[in-house]
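[1] have a look; sequence and predicted model below, questions after that.
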Amino acid sequence: MKAIITVIGKDQVGIMYKVSGVLNEYNVNIEDVTQTLMQDYFTMLMLVKIDESKTKFRQLQDALEDMGAENGLSIRIQKEEIFDTMHKV
Amino acid sequence: MTIYKDVLETINMLERENLDIRTTTLGISLLDCFDRDHKKASKAVYERITSLAENLVATADSVADDYGIEIVNKRISVTPIALAGADNTEDWMLYAKAMDDAAKAVGVDIIGGFSALVHKGATAAEEAFIEAVPYALAETDNMCSSINLGTTKSGINMDAVMKMGGLIKKTARLTKDNASFGCAKFVAFANAVEDNPFMAGAFHGVGEPDAVINVGVSGPGVVKTAISDMEGASLDEVAEVIKQTAFKITRAGQLIGREVSSRLDIPFGILDLSLAPTPAVGDSVAEILEVMGLQRCGAHGSTAALAMLTDAVKKGGIMASGHVGGLSGAFIPVSEDERMIRSVQEGCLTFDKLEAMTSVCSVGLDMIAIPGDTSEETISAIIADEAAIGVINNKTTAVRIIPVYGKTAGEIVDWGGLFGSAPIMEVNSFDSGRFIARGGRIPAPVHSFKN
(Lines give C-alpha, C1' and ligand atoms only; values in the text may rest on other atoms or scores of the structure.)
Protein backbone atom coordinates (compact mmCIF):
# COMPACT_ATOMS: atom_id res chain seq x y z
CA MET A 1 0.00 0.00 0.00
CA LYS A 2 1.27 3.46 -0.84
CA ALA A 3 0.82 6.43 1.42
CA ILE A 4 1.76 10.07 1.52
CA ILE A 5 3.35 11.55 4.60
CA THR A 6 3.28 15.29 5.15
CA VAL A 7 5.57 16.95 7.64
CA ILE A 8 5.06 20.61 8.46
CA GLY A 9 6.83 22.58 11.16
CA LYS A 10 9.45 25.13 12.10
CA ASP A 11 12.69 24.30 10.34
CA GLN A 12 15.15 22.56 12.67
CA VAL A 13 18.09 20.20 12.57
CA GLY A 14 17.33 16.52 12.09
CA ILE A 15 13.76 16.43 10.81
CA MET A 16 14.59 14.01 8.00
CA TYR A 17 16.58 11.90 10.39
CA LYS A 18 13.79 11.59 12.90
CA VAL A 19 11.07 10.84 10.34
CA SER A 20 13.11 8.26 8.51
CA GLY A 21 14.02 6.73 11.88
CA VAL A 22 10.37 5.98 12.58
CA LEU A 23 9.88 4.68 9.04
CA ASN A 24 12.87 2.41 9.40
CA GLU A 25 11.54 1.06 12.67
CA TYR A 26 8.21 0.20 10.98
CA ASN A 27 9.80 -1.29 7.90
CA VAL A 28 8.48 1.38 5.57
CA ASN A 29 10.22 2.05 2.27
CA ILE A 30 10.60 5.65 1.08
CA GLU A 31 9.97 5.95 -2.66
CA ASP A 32 10.05 9.68 -3.18
CA VAL A 33 10.69 12.81 -1.15
CA THR A 34 10.17 16.46 -1.95
CA GLN A 35 10.73 19.24 0.49
CA THR A 36 10.65 22.99 0.58
CA LEU A 37 10.76 25.92 2.96
CA MET A 38 7.60 28.01 2.94
CA GLN A 39 8.03 31.17 5.03
CA ASP A 40 10.41 29.47 7.49
CA TYR A 41 8.20 26.43 7.65
CA PHE A 42 9.68 23.16 6.67
CA THR A 43 7.23 21.30 4.44
CA MET A 44 7.96 17.81 3.26
CA LEU A 45 5.99 15.27 1.28
CA MET A 46 7.04 11.66 1.22
CA LEU A 47 5.67 8.88 -0.90
CA VAL A 48 6.16 5.63 0.97
CA LYS A 49 5.35 1.99 0.49
CA ILE A 50 3.99 0.07 3.44
CA ASP A 51 4.11 -3.69 3.68
CA GLU A 52 0.73 -4.35 5.22
CA SER A 53 1.68 -7.82 6.38
CA LYS A 54 4.36 -6.31 8.60
CA THR A 55 3.00 -2.91 9.57
CA LYS A 56 -0.39 -1.80 10.81
CA PHE A 57 -1.29 1.55 9.25
CA ARG A 58 -2.85 2.82 12.46
CA GLN A 59 0.25 2.03 14.55
CA LEU A 60 2.52 3.77 12.08
CA GLN A 61 0.18 6.75 12.06
CA ASP A 62 0.25 6.97 15.86
CA ALA A 63 4.04 6.60 15.98
CA LEU A 64 4.55 9.40 13.45
CA GLU A 65 2.06 11.70 15.13
CA ASP A 66 3.63 11.09 18.56
CA MET A 67 7.11 11.79 17.25
CA GLY A 68 5.80 14.93 15.53
CA ALA A 69 4.15 16.18 18.71
CA GLU A 70 7.40 15.72 20.66
CA ASN A 71 9.30 17.79 18.11
CA GLY A 72 6.76 20.49 17.34
CA LEU A 73 6.00 19.09 13.90
CA SER A 74 2.64 18.30 12.35
CA ILE A 75 3.01 14.90 10.71
CA ARG A 76 0.16 13.25 8.83
CA ILE A 77 -0.01 10.07 6.86
CA GLN A 78 -2.80 9.22 4.44
CA LYS A 79 -3.28 6.53 1.85
CA GLU A 80 -2.28 7.72 -1.60
CA GLU A 81 -5.64 6.45 -2.88
CA ILE A 82 -7.46 9.33 -1.16
CA PHE A 83 -5.49 12.03 -2.96
CA ASP A 84 -5.90 10.26 -6.28
CA THR A 85 -9.67 9.91 -5.95
CA MET A 86 -10.19 13.43 -4.73
CA HIS A 87 -8.00 15.30 -7.17
CA LYS A 88 -8.18 13.33 -10.41
CA VAL A 89 -11.23 13.33 -12.64
CA MET B 1 3.96 22.19 -7.02
CA THR B 2 0.37 21.01 -7.64
CA ILE B 3 1.09 17.94 -5.58
CA TYR B 4 1.78 20.18 -2.56
CA LYS B 5 -1.44 22.04 -3.17
CA ASP B 6 -3.57 18.92 -3.54
CA VAL B 7 -2.09 17.13 -0.57
CA LEU B 8 -2.21 20.12 1.75
CA GLU B 9 -5.74 20.91 0.65
CA THR B 10 -6.90 17.41 1.56
CA ILE B 11 -5.10 17.48 4.90
CA ASN B 12 -6.70 20.84 5.71
CA MET B 13 -10.14 19.60 4.74
CA LEU B 14 -9.85 16.69 7.11
CA GLU B 15 -8.17 18.43 10.00
CA ARG B 16 -9.50 21.96 10.08
CA GLU B 17 -12.61 22.10 7.98
CA ASN B 18 -14.60 19.19 9.40
CA LEU B 19 -14.74 17.09 6.25
CA ASP B 20 -16.17 13.84 7.44
CA ILE B 21 -18.31 10.96 6.40
CA ARG B 22 -21.41 12.01 8.25
CA THR B 23 -23.09 8.65 8.13
CA THR B 24 -22.86 5.13 6.85
CA THR B 25 -26.41 3.87 6.82
CA LEU B 26 -27.24 0.23 6.35
CA GLY B 27 -30.65 -0.17 4.73
CA ILE B 28 -32.39 -3.42 5.65
CA SER B 29 -35.51 -4.87 4.08
CA LEU B 30 -37.95 -6.34 6.58
CA LEU B 31 -40.62 -7.28 4.06
CA ASP B 32 -40.34 -11.00 4.71
CA CYS B 33 -40.37 -10.58 8.52
CA PHE B 34 -43.97 -9.43 8.65
CA ASP B 35 -46.68 -11.74 9.94
CA ARG B 36 -50.18 -11.49 11.44
CA ASP B 37 -48.67 -12.70 14.69
CA HIS B 38 -46.99 -9.44 15.74
CA LYS B 39 -44.97 -10.96 18.59
CA LYS B 40 -43.43 -13.35 16.12
CA ALA B 41 -42.95 -10.68 13.49
CA SER B 42 -41.33 -8.15 15.82
CA LYS B 43 -38.96 -10.86 17.02
CA ALA B 44 -38.09 -11.58 13.38
CA VAL B 45 -37.47 -7.85 12.88
CA TYR B 46 -35.05 -7.81 15.82
CA GLU B 47 -33.24 -10.86 14.54
CA ARG B 48 -32.98 -9.61 10.97
CA ILE B 49 -31.53 -6.27 12.05
CA THR B 50 -29.08 -7.69 14.58
CA SER B 51 -27.82 -10.39 12.23
CA LEU B 52 -27.31 -8.11 9.20
CA ALA B 53 -25.89 -5.16 11.15
CA GLU B 54 -23.76 -7.20 13.53
CA ASN B 55 -20.47 -6.01 12.03
CA LEU B 56 -21.55 -2.60 10.76
CA VAL B 57 -19.99 -0.50 13.51
CA ALA B 58 -16.72 -2.44 13.73
CA THR B 59 -16.31 -2.47 9.94
CA ALA B 60 -17.05 1.22 9.54
CA ASP B 61 -14.61 2.03 12.33
CA SER B 62 -11.87 -0.09 10.78
CA VAL B 63 -12.31 1.62 7.39
CA ALA B 64 -12.24 5.01 9.09
CA ASP B 65 -9.01 4.04 10.85
CA ASP B 66 -7.41 2.78 7.67
CA TYR B 67 -8.18 5.92 5.70
CA GLY B 68 -7.88 8.47 8.46
CA ILE B 69 -11.33 9.88 7.68
CA GLU B 70 -13.84 9.89 10.47
CA ILE B 71 -17.19 8.17 9.98
CA VAL B 72 -19.24 10.10 12.51
CA ASN B 73 -22.44 8.06 12.58
CA LYS B 74 -23.30 4.46 11.94
CA ARG B 75 -27.01 4.06 11.32
CA ILE B 76 -29.66 1.65 10.15
CA SER B 77 -32.78 2.28 8.08
CA VAL B 78 -35.50 -0.32 7.64
CA THR B 79 -38.59 -0.91 5.50
CA PRO B 80 -41.40 1.48 6.51
CA ILE B 81 -42.63 -0.41 9.51
CA ALA B 82 -46.28 0.58 8.98
CA LEU B 83 -46.36 -2.18 6.34
CA ALA B 84 -46.35 -4.67 9.23
CA GLY B 85 -50.09 -4.10 9.45
CA ALA B 86 -50.76 -4.06 13.20
CA ASP B 87 -54.01 -2.46 14.29
CA ASN B 88 -53.37 -1.21 17.82
CA THR B 89 -50.80 0.81 19.73
CA GLU B 90 -49.75 -2.15 21.86
CA ASP B 91 -48.69 -4.15 18.80
CA TRP B 92 -46.98 -1.15 17.20
CA MET B 93 -44.96 -0.73 20.38
CA LEU B 94 -43.59 -4.26 19.90
CA TYR B 95 -42.03 -3.11 16.64
CA ALA B 96 -40.76 0.15 18.10
CA LYS B 97 -39.07 -1.73 20.94
CA ALA B 98 -37.69 -4.36 18.56
CA MET B 99 -36.10 -1.65 16.41
CA ASP B 100 -34.74 0.31 19.36
CA ASP B 101 -33.38 -2.79 21.10
CA ALA B 102 -31.77 -4.02 17.89
CA ALA B 103 -30.10 -0.64 17.36
CA LYS B 104 -28.71 -0.74 20.88
CA ALA B 105 -27.57 -4.36 20.51
CA VAL B 106 -25.46 -3.61 17.43
CA GLY B 107 -24.27 -0.25 18.76
CA VAL B 108 -25.51 2.07 16.01
CA ASP B 109 -26.33 5.69 16.77
CA ILE B 110 -29.83 5.82 15.33
CA ILE B 111 -32.31 3.56 13.56
CA GLY B 112 -34.87 5.00 11.16
CA GLY B 113 -37.88 3.53 9.45
CA PHE B 114 -40.67 3.69 12.00
CA SER B 115 -42.40 5.15 9.01
CA ALA B 116 -45.55 5.17 6.95
CA LEU B 117 -46.26 6.20 3.38
CA VAL B 118 -49.75 7.65 3.33
CA HIS B 119 -49.44 10.21 0.54
CA LYS B 120 -52.64 9.07 -1.15
CA GLY B 121 -54.50 7.47 1.72
CA ALA B 122 -53.98 5.49 4.90
CA THR B 123 -54.98 1.89 5.59
CA ALA B 124 -56.64 1.04 8.92
CA ALA B 125 -53.27 -0.24 10.08
CA GLU B 126 -51.61 3.04 9.12
CA GLU B 127 -54.30 4.98 10.99
CA ALA B 128 -53.46 2.92 14.09
CA PHE B 129 -49.78 3.45 13.38
CA ILE B 130 -50.19 7.25 13.36
CA GLU B 131 -51.88 6.99 16.77
CA ALA B 132 -48.96 4.96 18.09
CA VAL B 133 -46.11 7.20 16.87
CA PRO B 134 -46.05 9.59 19.89
CA TYR B 135 -45.82 6.69 22.34
CA ALA B 136 -43.16 4.99 20.25
CA LEU B 137 -41.07 8.18 20.16
CA ALA B 138 -41.51 8.72 23.89
CA GLU B 139 -40.58 5.21 24.90
CA THR B 140 -37.56 4.60 22.69
CA ASP B 141 -34.17 6.29 22.67
CA ASN B 142 -32.55 5.84 19.30
CA MET B 143 -35.48 5.32 16.97
CA CYS B 144 -36.66 7.83 14.38
CA SER B 145 -40.00 8.07 12.66
CA SER B 146 -41.27 9.66 9.47
CA ILE B 147 -44.50 9.87 7.54
CA ASN B 148 -44.83 10.75 3.85
CA LEU B 149 -47.90 12.91 3.31
CA GLY B 150 -47.76 13.88 -0.32
CA THR B 151 -46.05 13.32 -3.65
CA THR B 152 -45.93 15.27 -6.89
CA LYS B 153 -47.70 12.38 -8.61
CA SER B 154 -50.49 11.93 -6.07
CA GLY B 155 -51.05 15.30 -4.40
CA ILE B 156 -51.29 15.86 -0.64
CA ASN B 157 -53.27 13.72 1.79
CA MET B 158 -54.78 16.46 3.92
CA ASP B 159 -56.60 13.97 6.17
CA ALA B 160 -53.18 12.74 7.25
CA VAL B 161 -51.78 16.29 7.41
CA MET B 162 -54.62 17.15 9.80
CA LYS B 163 -53.46 14.39 12.15
CA MET B 164 -49.83 15.53 12.19
CA GLY B 165 -50.55 18.54 14.43
CA GLY B 166 -52.00 16.24 17.08
CA LEU B 167 -49.22 13.71 16.66
CA ILE B 168 -46.50 16.31 17.12
CA LYS B 169 -48.20 18.05 20.06
CA LYS B 170 -48.76 14.73 21.80
CA THR B 171 -45.14 13.75 21.28
CA ALA B 172 -44.08 17.12 22.71
CA ARG B 173 -46.24 16.52 25.77
CA LEU B 174 -45.09 12.93 26.33
CA THR B 175 -41.45 13.99 26.15
CA LYS B 176 -41.85 17.30 28.01
CA ASP B 177 -39.27 16.33 30.66
CA ASN B 178 -36.71 16.21 27.90
CA ALA B 179 -37.58 19.57 26.29
CA SER B 180 -40.03 17.79 23.95
CA PHE B 181 -37.11 16.04 22.31
CA GLY B 182 -39.35 13.29 20.89
CA CYS B 183 -40.40 15.72 18.14
CA ALA B 184 -36.79 16.00 16.96
CA LYS B 185 -37.01 12.33 15.99
CA PHE B 186 -40.05 12.79 13.76
CA VAL B 187 -40.22 14.08 10.18
CA ALA B 188 -43.32 14.84 8.09
CA PHE B 189 -42.35 14.46 4.42
CA ALA B 190 -43.56 15.24 0.96
CA ASN B 191 -41.82 13.36 -1.88
CA ALA B 192 -39.79 11.29 0.61
CA VAL B 193 -36.87 9.45 -0.99
CA GLU B 194 -36.30 5.74 -0.50
CA ASP B 195 -32.53 5.81 -0.13
CA ASN B 196 -31.87 8.75 2.16
CA PRO B 197 -29.06 7.95 4.61
CA PHE B 198 -29.67 11.00 6.82
CA MET B 199 -31.82 11.01 9.95
CA ALA B 200 -34.43 11.51 11.17
CA GLY B 201 -36.02 10.78 7.81
CA ALA B 202 -34.22 7.65 6.64
CA PHE B 203 -36.14 4.54 5.70
CA HIS B 204 -35.42 1.64 3.38
CA GLY B 205 -37.85 1.91 0.48
CA VAL B 206 -39.84 -1.03 -0.82
CA GLY B 207 -38.06 -0.73 -4.17
CA GLU B 208 -34.72 -1.46 -2.51
CA PRO B 209 -32.85 -4.79 -2.27
CA ASP B 210 -32.45 -6.90 0.89
CA ALA B 211 -29.64 -4.77 2.21
CA VAL B 212 -27.69 -1.80 0.95
CA ILE B 213 -25.04 0.62 2.17
CA ASN B 214 -25.86 4.30 1.66
CA VAL B 215 -23.34 6.94 2.58
CA GLY B 216 -23.90 10.54 3.61
CA VAL B 217 -21.02 12.99 3.27
CA SER B 218 -20.92 16.48 4.64
CA GLY B 219 -18.52 19.37 4.88
CA PRO B 220 -19.94 22.89 4.96
CA GLY B 221 -16.63 24.04 6.46
CA VAL B 222 -14.74 22.84 3.40
CA VAL B 223 -17.02 24.78 1.04
CA LYS B 224 -16.80 27.88 3.20
CA THR B 225 -13.00 27.81 3.19
CA ALA B 226 -12.87 27.18 -0.55
CA ILE B 227 -14.81 30.36 -1.32
CA SER B 228 -13.56 32.50 1.54
CA ASP B 229 -10.70 34.06 -0.42
CA MET B 230 -12.90 34.89 -3.43
CA GLU B 231 -13.81 38.41 -2.35
CA GLY B 232 -15.16 40.27 -5.36
CA ALA B 233 -15.37 37.22 -7.63
CA SER B 234 -18.54 36.91 -9.69
CA LEU B 235 -21.16 34.37 -8.71
CA ASP B 236 -20.43 32.08 -11.63
CA GLU B 237 -16.85 31.83 -10.40
CA VAL B 238 -18.08 31.09 -6.89
CA ALA B 239 -20.50 28.45 -8.20
CA GLU B 240 -17.66 26.81 -10.10
CA VAL B 241 -15.47 26.56 -6.99
CA ILE B 242 -18.36 25.14 -4.95
CA LYS B 243 -18.91 22.56 -7.68
CA GLN B 244 -15.27 21.52 -7.71
CA THR B 245 -15.19 21.31 -3.92
CA ALA B 246 -18.35 19.21 -3.88
CA PHE B 247 -16.69 16.91 -6.39
CA LYS B 248 -13.69 16.33 -4.12
CA ILE B 249 -15.77 15.75 -1.01
CA THR B 250 -18.02 13.32 -2.83
CA ARG B 251 -15.06 11.39 -4.18
CA ALA B 252 -13.72 10.89 -0.66
CA GLY B 253 -17.14 9.66 0.44
CA GLN B 254 -17.46 7.32 -2.49
CA LEU B 255 -14.09 5.76 -1.71
CA ILE B 256 -15.02 5.12 1.91
CA GLY B 257 -18.55 3.98 1.09
CA ARG B 258 -17.37 1.43 -1.43
CA GLU B 259 -14.79 0.12 1.01
CA VAL B 260 -17.37 -0.34 3.80
CA SER B 261 -19.71 -2.00 1.33
CA SER B 262 -17.08 -4.40 0.05
CA ARG B 263 -15.84 -5.35 3.52
CA LEU B 264 -19.42 -6.06 4.64
CA ASP B 265 -20.24 -7.75 1.33
CA ILE B 266 -23.39 -5.65 1.05
CA PRO B 267 -24.07 -3.72 -2.19
CA PHE B 268 -23.29 -0.01 -2.33
CA GLY B 269 -26.46 1.98 -2.88
CA ILE B 270 -26.00 5.70 -3.19
CA LEU B 271 -23.90 8.56 -2.03
CA ASP B 272 -25.66 11.57 -0.59
CA LEU B 273 -23.61 14.74 -0.46
CA SER B 274 -25.53 17.08 1.77
CA LEU B 275 -23.98 20.06 3.44
CA ALA B 276 -25.29 19.28 6.90
CA PRO B 277 -24.21 21.66 9.63
CA THR B 278 -23.35 20.64 13.18
CA PRO B 279 -23.27 22.92 16.22
CA ALA B 280 -19.45 22.95 15.97
CA VAL B 281 -17.94 26.32 15.06
CA GLY B 282 -16.98 26.40 11.37
CA ASP B 283 -19.43 23.67 10.41
CA SER B 284 -22.20 26.00 9.34
CA VAL B 285 -24.25 26.39 6.15
CA ALA B 286 -25.37 29.89 7.18
CA GLU B 287 -21.72 30.91 7.30
CA ILE B 288 -21.33 29.98 3.62
CA LEU B 289 -24.09 32.47 2.79
CA GLU B 290 -22.29 35.06 4.91
CA VAL B 291 -19.04 34.44 3.04
CA MET B 292 -20.96 34.88 -0.21
CA GLY B 293 -21.66 38.41 0.95
CA LEU B 294 -24.79 38.47 3.08
CA GLN B 295 -24.43 40.15 6.46
CA ARG B 296 -26.50 37.36 7.99
CA CYS B 297 -28.33 34.30 6.77
CA GLY B 298 -31.93 35.44 6.42
CA ALA B 299 -31.15 38.79 4.82
CA HIS B 300 -32.71 39.43 1.40
CA GLY B 301 -30.69 37.46 -1.11
CA SER B 302 -30.50 34.39 1.14
CA THR B 303 -32.87 32.37 -1.02
CA ALA B 304 -30.85 33.13 -4.16
CA ALA B 305 -27.55 32.33 -2.45
CA LEU B 306 -28.90 29.06 -1.04
CA ALA B 307 -30.38 28.10 -4.42
CA MET B 308 -27.01 28.52 -6.08
CA LEU B 309 -25.25 26.62 -3.31
CA THR B 310 -27.63 23.67 -3.41
CA ASP B 311 -27.48 23.43 -7.18
CA ALA B 312 -23.68 23.67 -7.36
CA VAL B 313 -23.32 21.00 -4.67
CA LYS B 314 -25.61 18.68 -6.63
CA LYS B 315 -23.73 19.25 -9.88
CA GLY B 316 -20.32 18.54 -8.34
CA GLY B 317 -21.63 15.50 -6.51
CA ILE B 318 -23.32 13.98 -9.54
CA MET B 319 -20.10 14.16 -11.53
CA ALA B 320 -18.10 12.54 -8.73
CA SER B 321 -20.15 9.49 -7.90
CA GLY B 322 -21.74 6.82 -10.05
CA HIS B 323 -24.82 6.81 -7.87
CA VAL B 324 -25.89 9.99 -6.22
CA GLY B 325 -29.17 9.81 -4.34
CA GLY B 326 -30.83 10.65 -1.09
CA LEU B 327 -31.37 14.33 -0.57
CA SER B 328 -28.07 15.76 -1.91
CA GLY B 329 -27.85 19.50 -1.42
CA ALA B 330 -27.78 21.74 1.63
CA PHE B 331 -29.63 21.32 4.91
CA ILE B 332 -30.74 24.27 6.98
CA PRO B 333 -31.57 22.87 10.42
CA VAL B 334 -31.78 25.86 12.72
CA SER B 335 -30.72 24.34 16.04
CA GLU B 336 -27.74 22.53 14.50
CA ASP B 337 -26.15 25.59 12.93
CA GLU B 338 -24.58 28.18 15.25
CA ARG B 339 -24.71 30.98 12.68
CA MET B 340 -28.35 30.29 11.96
CA ILE B 341 -29.13 30.41 15.68
CA ARG B 342 -27.38 33.77 15.88
CA SER B 343 -29.39 35.03 12.92
CA VAL B 344 -32.64 34.05 14.62
CA GLN B 345 -31.57 35.67 17.88
CA GLU B 346 -30.65 38.88 16.14
CA GLY B 347 -34.06 39.00 14.48
CA CYS B 348 -32.66 38.55 10.96
CA LEU B 349 -33.95 35.06 10.22
CA THR B 350 -37.70 34.66 10.58
CA PHE B 351 -39.95 31.66 10.18
CA ASP B 352 -41.35 33.00 6.91
CA LYS B 353 -37.90 33.54 5.40
CA LEU B 354 -36.93 30.02 6.41
CA GLU B 355 -39.99 28.71 4.62
CA ALA B 356 -38.98 30.59 1.47
CA MET B 357 -35.46 29.16 1.71
CA THR B 358 -36.81 25.62 1.96
CA SER B 359 -38.13 25.93 -1.57
CA VAL B 360 -34.52 25.81 -2.77
CA CYS B 361 -32.68 23.85 -0.06
CA SER B 362 -32.58 20.08 -0.19
CA VAL B 363 -35.05 19.35 2.59
CA GLY B 364 -37.26 21.72 4.53
CA LEU B 365 -38.18 23.27 7.85
CA ASP B 366 -35.71 21.43 10.02
CA MET B 367 -35.10 21.47 13.77
CA ILE B 368 -37.17 24.54 14.45
CA ALA B 369 -38.40 25.11 17.98
CA ILE B 370 -41.75 26.88 18.25
CA PRO B 371 -43.86 27.92 21.26
CA GLY B 372 -45.40 25.01 23.18
CA ASP B 373 -48.86 26.52 22.94
CA THR B 374 -48.92 26.56 19.12
CA SER B 375 -52.22 24.96 18.09
CA GLU B 376 -52.46 21.56 16.40
CA GLU B 377 -54.12 23.20 13.41
CA THR B 378 -51.29 25.71 12.99
CA ILE B 379 -48.72 22.90 13.04
CA SER B 380 -50.74 20.97 10.45
CA ALA B 381 -50.98 24.14 8.35
CA ILE B 382 -47.19 24.65 8.53
CA ILE B 383 -46.78 21.07 7.30
CA ALA B 384 -49.36 21.62 4.54
CA ASP B 385 -47.48 24.71 3.30
CA GLU B 386 -44.19 22.85 3.26
CA ALA B 387 -45.70 19.81 1.53
CA ALA B 388 -47.18 22.12 -1.12
CA ILE B 389 -43.74 23.60 -1.84
CA GLY B 390 -42.39 20.08 -2.36
CA VAL B 391 -45.28 18.73 -4.38
CA ILE B 392 -45.53 21.68 -6.74
CA ASN B 393 -41.78 22.02 -7.24
CA ASN B 394 -41.11 18.31 -7.59
CA LYS B 395 -38.67 18.17 -4.69
CA THR B 396 -38.45 16.59 -1.27
CA THR B 397 -39.64 18.74 1.59
CA ALA B 398 -39.86 17.87 5.24
CA VAL B 399 -40.93 19.40 8.51
CA ARG B 400 -39.16 18.64 11.75
CA ILE B 401 -40.64 21.06 14.20
CA ILE B 402 -40.64 21.03 17.98
CA PRO B 403 -43.41 22.80 19.92
CA VAL B 404 -41.43 22.87 23.16
CA TYR B 405 -43.77 22.17 26.04
CA GLY B 406 -44.16 25.13 28.40
CA LYS B 407 -41.83 27.44 26.45
CA THR B 408 -42.65 30.68 24.69
CA ALA B 409 -41.09 32.64 21.84
CA GLY B 410 -37.62 34.00 22.58
CA GLU B 411 -36.69 31.38 25.19
CA ILE B 412 -33.82 28.99 24.46
CA VAL B 413 -34.03 25.23 24.47
CA ASP B 414 -30.93 23.02 24.59
CA TRP B 415 -30.95 19.39 23.49
CA GLY B 416 -27.19 18.96 23.55
CA GLY B 417 -24.86 17.08 21.20
CA LEU B 418 -25.53 17.03 17.47
CA PHE B 419 -29.03 18.43 17.94
CA GLY B 420 -27.78 21.67 19.43
CA SER B 421 -29.85 24.39 21.01
CA ALA B 422 -32.48 26.63 19.52
CA PRO B 423 -34.25 29.87 20.22
CA ILE B 424 -38.03 29.38 20.17
CA MET B 425 -39.27 31.03 16.99
CA GLU B 426 -42.45 32.95 16.73
CA VAL B 427 -45.11 31.57 14.37
CA ASN B 428 -48.02 33.38 12.77
CA SER B 429 -50.78 33.41 15.38
CA PHE B 430 -53.74 33.82 13.04
CA ASP B 431 -56.00 30.80 12.78
CA SER B 432 -55.84 28.18 9.99
CA GLY B 433 -58.26 25.78 11.69
CA ARG B 434 -61.17 25.84 9.25
CA PHE B 435 -58.88 25.20 6.29
CA ILE B 436 -57.20 22.22 7.96
CA ALA B 437 -60.53 20.81 9.25
CA ARG B 438 -61.76 20.38 5.67
CA GLY B 439 -59.52 17.35 5.22
CA GLY B 440 -59.62 15.41 1.95
CA ARG B 441 -56.84 15.58 -0.60
CA ILE B 442 -55.16 18.34 -2.52
CA PRO B 443 -55.12 16.96 -6.08
CA ALA B 444 -51.84 16.22 -7.86
CA PRO B 445 -50.53 19.28 -9.67
CA VAL B 446 -50.40 19.70 -13.41
CA HIS B 447 -46.93 19.06 -14.85
CA SER B 448 -47.20 21.37 -17.77
CA PHE B 449 -48.00 25.08 -18.15
CA LYS B 450 -45.33 25.88 -15.55
CA ASN B 451 -45.03 29.62 -15.19
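    Arrived safely, thanks for sending.

[2] what's the closest non-adjacent residue to residue B:256?
    Sequence neighbours aside, residue B:21 is the residue nearest to residue B:256 in space, at 5.2 Å (criterion: C-beta to C-beta, 6 or more residues apart in numbering or on different chains). Placement of C-beta: from N, CA and C, glycine included.

[3] longest single helix anywhere in chain A?
    Ordering each helix of chain A by length in residues (DSSP state H) puts helix A:57-70 first.

[4] and the next element down the chain from that one?
    Sequence order places strand A:73-79 as the next helix or strand after helix A:57-70, per DSSP states H and E.

[5] which strands and helices sit next to that next one?
    Strand A:73-79 sits against strand A:2-10, helix A:57-70, helix B:2-15, helix B:56-67, with contacts defined as 3 or more C-beta pairs under 8 Å, 6 or more residues apart in numbering or on different chains; DSSP states H and E.

[6] and residue B:95, that one's in a helix?
    Yes: Residue B:95: assigned to a helix according to DSSP: H, G, I helix; E, B strand; the rest coil.

[7] quick one: it and residue B:85 touch, right?
    No: using C-beta atoms under 8 Å as the test, residue B:95 is too far from residue B:85 to be in contact (10.5 Å).

[8] list the contacts for residue B:148?
    Contacts for residue B:148 (C-beta atoms under 8 Å, 6 or more residues apart in numbering or on different chains) come out as B:115-119, B:189-192.

[9] from residue B:157, how far off is it?
    Distance of residue B:148 to residue B:157, computed by C-beta to C-beta, to the nearest Å: 9 Å.

[10] now do residue B:423
    32 Å.

[11] counting neighbours, go ahead and name the busier of the two.
    Higher neighbour count among residue B:423 and residue B:157: residue B:157, with 26 against 21, using other C-beta atoms under 10 Å in any protein chain shown.

[12] what's the nearest residue to residue B:210 if we skip its chain neighbours?
    Per C-beta to C-beta, 6+ apart, closest to residue B:210 is residue B:29, 5.0 Å.

[13] do the same with residue B:61
    Ranked by C-beta to C-beta, 6+ apart and with sequence neighbours excluded, the top spatial neighbour of residue B:61 is residue B:71, at 7.2 Å.

[14] what about the one you found, neighbour count?
    24.

[15] per-residue pLDDT of it, please?
    Note for residue B:71: predicted pLDDT of 90.

[16] that one contacts residue B:20, doesn't it?
    Yes: contact criterion C-beta under 8 Å: residue B:71 and residue B:20 qualify, at 7.3 Å.

[17] helix/strand/coil for the residue of the stretch 351-451 of chain B found nearest chain A?
    Chain A sits closest to residue B:362 of the stretch 351-451 of chain B, with a gap of 22.4 Å, by C-beta to the nearest C-beta. Put simply, residue B:362 is coil when judged by three-state DSSP.

[18] before we move on, what about residue B:189?
    Following three-state DSSP, residue B:189 is assigned to strand.

[19] on that earlier part again, and the residue nearest to residue B:210, how close does it get to residue B:216?
    20 Å.

[20] ok, and what's touching the helix-or-strand element of chain B with minimal mean pLDDT?
    Lowest mean confidence among the helices and strands of chain B (mean pLDDT, DSSP states H and E): helix B:2-15, at a mean of 76. Helix B:2-15 is contacted from outside by A:4, A:6, A:34, A:36, A:43, A:45, A:76, A:78, A:82-83, A:86-87, B:19-20, B:68-69, B:219, B:222, B:225, B:248-249, using C-beta under 8 Å, 6+ apart.

[21] pairing partners for the helix or strand following that helix, with directions?
    Downstream of helix B:2-15, the first helix or strand assigned by DSSP H and E is strand B:21-28. Applying DSSP bridges to the sheet, strand B:21-28 is found paired with strand B:71-78 (parallel), strand B:211-217 (antiparallel).

[22] most tightly surrounded among the ones you listed?
    Highest mean neighbour count of the strands paired with strand B:21-28: strand B:211-217, a mean of 27 (counted as mean count of other C-beta atoms under 10 Å in any protein chain shown).

[23] after the longest helix seen in chain B, next one along is what?
    Assignment by DSSP H gives helix B:235-264 as the longest helix of chain B. Moving toward the C-terminus from helix B:235-264, the next helix or strand (DSSP H and E) is strand B:268-275.
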